[in-house]
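Novice: got a structure for you, letters missing:
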Ligand SMILES: Cc1cc2nc3c(=O)[nH]c(=O)nc-3n(C[C@H](O)[C@H](O)[C@H](O)COP(=O)(O)OP(=O)(O)OC[C@H]3O[C@@H](n4cnc5c(N)ncnc54)[C@H](O)[C@@H]3O)c2cc1C
């Protein structure tokens, strides 16, 4: 016990602290606890709540969820199969990406119910032995010096939690999303290379999208509609709903200020809705926003710390596969911590950075190239027409975007020539 301005301050020491109990934090904690390590998850929110996040994901995520122990019964509750993602340009060109899927749940892109998925993963972490503390925010972090030797009491990570409690840890995992305190403490956070963009997300009833009643159970494509200075993703999810995700460039900021998030969301929804539209009046939950949308990270691991999920960098939902990356980065993090213990207890986790670069570096290049095309409508239209006309090019693109094939395939000069040559 210490003393802070007369109030008693408790000081506690743990082995591994995970900041953030979203997807990445829950999976990291579960995998570490399964290996017998002491792990405490600190999650700011007292309970799950709808917030800006994504739901559409490739079959790679379905495989990853099954790999980490989600049962097929739970998968059926969480995920709704989607035959294809239909990309639509402003001039009316459209093409479908199937992500190599066949339409079966285990082999198909899906729309996820985050209200079920996120709490499920956190409960799996608890079952594995992790100590999950909700309603606890980390307010300040001091990381050990970069040259620190193997952990000894007092040489590790020091955290101040809401309520004034002090927590020491040998290792801290930053799973705290786009505005990561751990990334800031490590001085590795940097602004998104794609500029200041804003995202809005919410749900609408799905049947209305086709002018009818509920169509749960019937296969329904997702849509990615390019609009002026932005795009809108519509993905079917369980519960007769469509998730709407809107990403807007900074040119939209004055309109967003003028009309507010709900007004802007309603107006944009009207633009992309089928004719006779009432889409904008159907918003089921609050419009959750994120601004700025993306974030970069110079490094993802060092002495006493590492980053997973969005905290480790998130570019853009168009090609991002953030959900898949959250799970895989958690697996890589657990492996890095486990190996560091096995190899003599050093707390230097820069191997995690190397592993993340090897796994996702090339994909980030593809995402940036795609964004460069999106920002130039004539070029994007040209490429969209090529993809619409050529199934082989489309298939490779779907596999790369869905993290199902090495991203280098889309950067191969032969692929680029076939895509771009007149
Ligand atoms: C608009 C939008 C659309 C998207 N679309 C897609 C998509 O279609 N497909 C896809 O795969 N991905 C998409 N993504 C990305 C995807 O949602 C994220 O990559 C994924 O949710 C990241 O999970 P995470 O666990 O890293 O972060 P989060 O889910 O953000 O979890 C971070 C957690 O940390 C907690 N936290 C933060 N700070 C603290 C603190 N100081 N103390 C304690 N707790 C803290 C938060 O409360 C939160 O629970 C989208 C994202 C956005 C914003």
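Specialist: That came through, no problem. Owing to the predicted nature of the structure, the values given are computational and were not obtained by experimental measurement. Numbers count the residues shown, from 1 in each chain.
Novice: tell me the contacts of the spatially most central residue of the chain?
Specialist: Centroid-nearest residue in the chain, with C-alpha atoms, centre = their mean: residue 322, separated by 2.9 Å. Counting by C-beta atoms under 8 Å, 6 or more residues apart in numbering, residue 322 makes contact with 54, 309-310, 314. The C-beta positions use only the backbone N, C-alpha and C, and glycine is treated the same way.
Novice: do that again at 7 Å, thanks
Specialist: Going by C-beta atoms under 7 Å, 6 or more residues apart in numbering, residue 322 touches 54, 310, 314.
Novice: near the ligand, which residues of the stretch 251-400 of the chain?
Specialist: Residues of the stretch 251-400 of the chain lying close to the ligand by C-beta under 6 Å from any ligand atom are 290, 293, 309-310, 314, 317, 320-324, 326.
Novice: mind picking the two most distant members of those residues?
Specialist: Pairwise distances across these (C-beta to C-beta) peak at 18.7 Å, for the pair 290 and 324.
Novice: hmm, back to that, where's the residue nearest to the centre of the chain relative to residue 45, distance?
Specialist: 18 Å (C-beta to C-beta, to the nearest Å).
Novice: could you do residue 311 as well?
Specialist: In this view, residue 311 and residue 45 are 16 Å apart by C-beta to C-beta.
Novice: neighbour count: those two, which is higher?
Specialist: residue 311 (32 against 15; other C-beta atoms under 10 Å).
Novice: doesn't residue 179 make contact with that one?
Specialist: No: judged on C-beta atoms under 7 Å, residue 311 makes no contact with residue 179 at a distance of 8.7 Å.
Novice: which residues do the two both contact?
Specialist: Joint contacts of residue 311 and residue 179 (C-beta under 7 Å, 6+ apart) do not exist.
Novice: emit the PyMOL select command for whichever of the contacts of residue 322 are buried.
Specialist: Buried residues among the contacts of residue 322 (16 or more other C-beta atoms under 10 Å), as a PyMOL selection:
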select buried, resi 54+310+314
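Novice: and which of the contacts of residue 322 is nearest to the ligand?
Specialist: residue 54 (1.7 Å; C-beta to the nearest ligand atom).
Novice: who are the contact partners of that closest one?
Specialist: So, once contact is read as C-beta under 7 Å, 6+ apart, residue 54 ends up touching 245, 317, 322-323.
Novice: how about these in a markdown table, adding secondary structure and pLDDT?
Specialist: Listed next are the contacts of residue 54 as a markdown table, based on DSSP: H, G, I helix; E, B strand; the rest coil; pLDDT from 0 to 100:
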| residue | secondary structure | pLDDT |
| --- | --- | --- |
| 245 | strand | 95 |
| 317 | helix | 88 |
| 322 | helix | 95 |
| 323 | helix | 97 |
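Novice: reformat those residues into TSV and put distance to residue 286 next to each item.
Specialist: What follows is the contacts of residue 54, written out as TSV (distance: C-beta to C-beta, whole Å):
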residue	distance to residue 286
245	14
317	19
322	21
323	21
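Novice: which one (most neighbours) among those?
Specialist: residue 323 (26 neighbours).
Novice: that residue against residue 60, yeah?
Specialist: No: the criterion here is C-beta under 7 Å, and residue 323 misses it with residue 60 at 9.5 Å.
Novice: after the strand or helix carrying residue 328, next one along is what?
Specialist: For residue 328, the element it lies in under DSSP states H and E is helix 322-342. Next helix or strand after helix 322-342 toward the C-terminus (DSSP H and E): helix 350-374.
Novice: buried residues of that next one, list them for me.
Specialist: 350-353, 355-356, 359-360, 362-364, 366-367, 370-371, 373-374.
Novice: can you pull the buried residues of stretch 19-36?
Specialist: For stretch 19-36, by 16+ other C-beta under 10 Å, it's 19-34.
Novice: now the strand or helix carrying residue 269: how far from the chain's centre is it?
Specialist: Assigned by DSSP H and E, residue 269 falls within helix 253-272. With C-alpha atoms, centre = their mean, to the nearest Å as the basis, helix 253-272 stands 24 Å off its chain's centre.
Novice: and if you look at stretch 196-210?
Specialist: 17 Å.
Novice: then stretch 402-418?
Specialist: So, by C-alpha atoms, centre = their mean, the centroid of stretch 402-418 is 22 Å from its chain's centroid.
Novice: for stretch 119-129, the averaged confidence score.
Specialist: Throughout stretch 119-129, pLDDT has a mean value of 98.
Novice: neighbouring contacts of it?
Specialist: Contacts for stretch 119-129 (C-beta under 7 Å, 6+ apart): 21, 23, 26-27, 29-30, 33-34, 41, 48, 69, 74, 78, 132.
Novice: can I get these in TSV including secondary structure, distance to the ligand and pLDDT?
Specialist: Below are the contacts of stretch 119-129 laid out as TSV (DSSP: H, G, I helix; E, B strand; the rest coil; distance: C-beta to the nearest ligand atom, whole Å; pLDDT from 0 to 100):
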residue	secondary structure	distance to the ligand	pLDDT
21	coil	5	98
23	helix	4	98
26	helix	7	98
27	helix	8	98
29	helix	11	98
30	helix	13	98
33	helix	17	98
34	helix	18	98
41	strand	9	98
48	coil	8	94
69	coil	17	98
74	helix	18	96
78	helix	14	96
132	strand	11	98
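Novice: low pLDDT regions in the stretch 151-300 of the chain?
Specialist: The stretch 151-300 of the chain contains residues with pLDDT under 70 at 151-155, 207-218, 274-281.
Novice: 80 instead?
Specialist: Counting by pLDDT under 80, the ranges of the stretch 151-300 of the chain that qualify are 151-155, 207-219, 273-284.
Novice: could you pull out the strands for it?
Specialist: 157-161, 166-174, 189-191, 198-205, 222-227, 230-237, 241-248, 288-290, 295-297 (DSSP state E, counting those that start in this stretch).
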